[in-house]
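Participant: Here is a sequence together with a model predicted from it:
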Amino acid sequence: MRMCIVTGASSGLGMEFAKRILAGGEVDTVLAIARRRRRLDELSKLSGGRVTALPLDLTERESAEKLKKFLAENKPDVRFLVNAAGFGKTGRYDEILRQDTDGMIDLNCKALVDVTLTVLPYMHKGARIIEVSSVAAFQPLPSFNVYAASKAFVLSYSRSLRWELFGRGIHVTAVCPYWVRDTEFIGTAKKSAGKNAVRHFPLASRTKIVVSLSLFASKINLPVATPGIISFIVRLVTKVIPREIITAVWQLLRKI
Ligand SMILES: NC(=O)c1ccc[n+]([C@@H]2O[C@H](COP(=O)([O-])OP(=O)(O)OC[C@H]3O[C@@H](n4cnc5c(N)ncnc54)[C@H](OP(=O)(O)O)[C@@H]3O)[C@@H](O)[C@H]2O)c1
């Protein structure tokens, strides 16, 4: 059974990745992971039953065990792994709830590594991993600090994992989108309390474009995908302009 595993499949980028990869014909089935069972069941119905819902809170310790058990029982040939589950909260260090600060690290970093390590034994030559990072990974972002740091972790982890998997022929691409407007991410990020929260998300992209460009980047085996003109420009600019200047510009822009 050729399978794709998608975390964060109940909305936004994860759901679109699941639909597009299934429609692409490279897999027979998608294992969709997120907390909201109803959303996953709807996705399963839409796909004519080709999506299996596995409702898990990936920040809970037992979730990796449940995934491990599912894989051991079904022994799939995993052709794709997409780690899209993640969230961000904006605000200064003392404005973000401690549970959200911990949650960003637990979900964006720890759960992503846990899922990757749990699934890797079921992946073979030609399989592809997409780790969803962010354009926030390219530079430190005050008032989006822990989120940006968590995504820098994902970018670094993916780049090294790619080399570690070289001999096995498994491709790894870190996807680094700029703001995407038609997902639940911005709504969650905006809900942060405090006057330092980011309120405006200009020139945001769209899910369909981000997923199309990301899948293309994965297909041609790019280590890093910047799926959109803004993320591409940010990546270039952060390579040539000193960090302190970029951070000062962000401090100005985020107040607009
Ligand atoms: N949208 C943007 O502007 C943007 C930009 C750059 C990068 N990204 C990254 O893109 C990825 C996808 O975000 P999105 O824009 O599609 O946002 P989204 O619509 O909020 O999707 C986030 C997904 O993560 C799942 N999730 C959240 N907490 C979870 C938990 N504890 N356990 C399991 N699943 C959990 C959510 O499902 P449940 O609530 O059902 O659990 C949902 O399916 C994230 O990693 C995000 O950091 C987004």
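Facilitator: The structure has been received and is ready for your questions.

Participant: only C-alpha atoms for contact and neighbour calcs from this point on.
Facilitator: Fine.

Participant: Can you tell me what sits against stretch 11-30?
Facilitator: Under the contact criterion CA atoms under 8 Å, 6 or more residues apart in numbering, stretch 11-30 has outside partners 1-9, 32, 39, 43, 47, 50-52, 79, 82-85, 182-185, 207-208, 210-211.

Participant: what distance separates the start and the end of it?
Facilitator: With CA to CA, to the nearest Å as the measure, stretch 11-30 spans 15 Å from end to end.

Participant: Return the set of buried residues in it.
Facilitator: For stretch 11-30, the neighbour count (16 or more other CA atoms under 10 Å) marks 11-19, 21-22, 27-30 as buried.

Participant: Keep those, but drop any that are not near the ligand.
Facilitator: When the buried residues of stretch 11-30 are checked against the ligand using CA under 6 Å from any ligand atom, the ones in range are 11-14.

Participant: Could you dump the residues you listed into TSV with distance to I230 and pLDDT added?
Facilitator: As requested, those are exported to TSV (distance: CA to CA, whole Å; pLDDT from 0 to 100):
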residue	distance to I230	pLDDT
S11	23	98
G12	19	98
L13	18	98
G14	21	98
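
Participant: Looking at those residues, which are in helices?
Facilitator: Mapping these onto helices (DSSP state H) picks out 12-14.

Participant: For A225, state which of those residues is nearest.
Facilitator: Distance to A225 across these (CA to CA) is lowest for L13, with 14.2 Å.

Participant: before we move on, the earlier item: quick check: the two most widely separated of the buried residues of stretch 11-30?
Facilitator: The widest separation within the buried residues of stretch 11-30, taken as CA to CA, falls between G12 and D28 and amounts to 21.8 Å.

Participant: for the ligand, what are the nearby residues on the protein?
Facilitator: Neighbours of the ligand within the chain, by CA under 6 Å from any ligand atom: 8-14, 34-36, 56-59, 84-87, 132-134, 177-180, 183-186.

Participant: Got a quick ChimeraX command for the buried subset of those residues?
Facilitator: Selecting only the buried entries of the residues of the chain next to the ligand in ChimeraX, with 16+ other CA under 10 Å as the criterion:
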select :8,9,10,11,12,13,14,34,35,36,56,57,58,59,84,85,86,87,132,133,134,177,178,179,180,183,185,186
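
Participant: Sitting in helices, which of the residues of the chain next to the ligand do you find?
Facilitator: Short answer: the residues of the chain next to the ligand in helices (DSSP H) are 12-14, 185-186.

Participant: quick check, nearest of those residues to D114?
Facilitator: Distance to D114 across those (CA to CA) is lowest for G14, with 17.4 Å.

Participant: gap between the closest one and T238?
Facilitator: Separation of G14 from T238 (CA to CA) stands at 27 Å.

Participant: got the ones in helices among the ones next to the ligand among the buried residues of stretch 11-30 as JSON lines, with distance to N196 columns?
Facilitator: Putting those into JSON lines (distance: CA to CA, whole Å) gives the following:
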{"residue": "G12", "distance to N196": "26"}
{"residue": "L13", "distance to N196": "27"}
{"residue": "G14", "distance to N196": "29"}
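
Participant: Could I get the full set of strands for the protein?
Facilitator: Ranges of strands in the chain, per DSSP state E, are 2-7, 29-34, 51-55, 77-83, 123-132, 171-175, 224-225.

Participant: What is the distance between the second one and the centre of its chain?
Facilitator: Right, strand 29-34. Chain-centre distance of strand 29-34: 14 Å, with CA atoms, centre = their mean, to the nearest Å.

Participant: Distance of the residue lying closest to G194 once chain neighbours are set aside relative to T7?
Facilitator: Using CA to CA, 6 or more residues apart in numbering and skipping the chain neighbours, the partner closest in space to G194 is E95 (5.5 Å). In this view, E95 and T7 are 28 Å apart by CA to CA.
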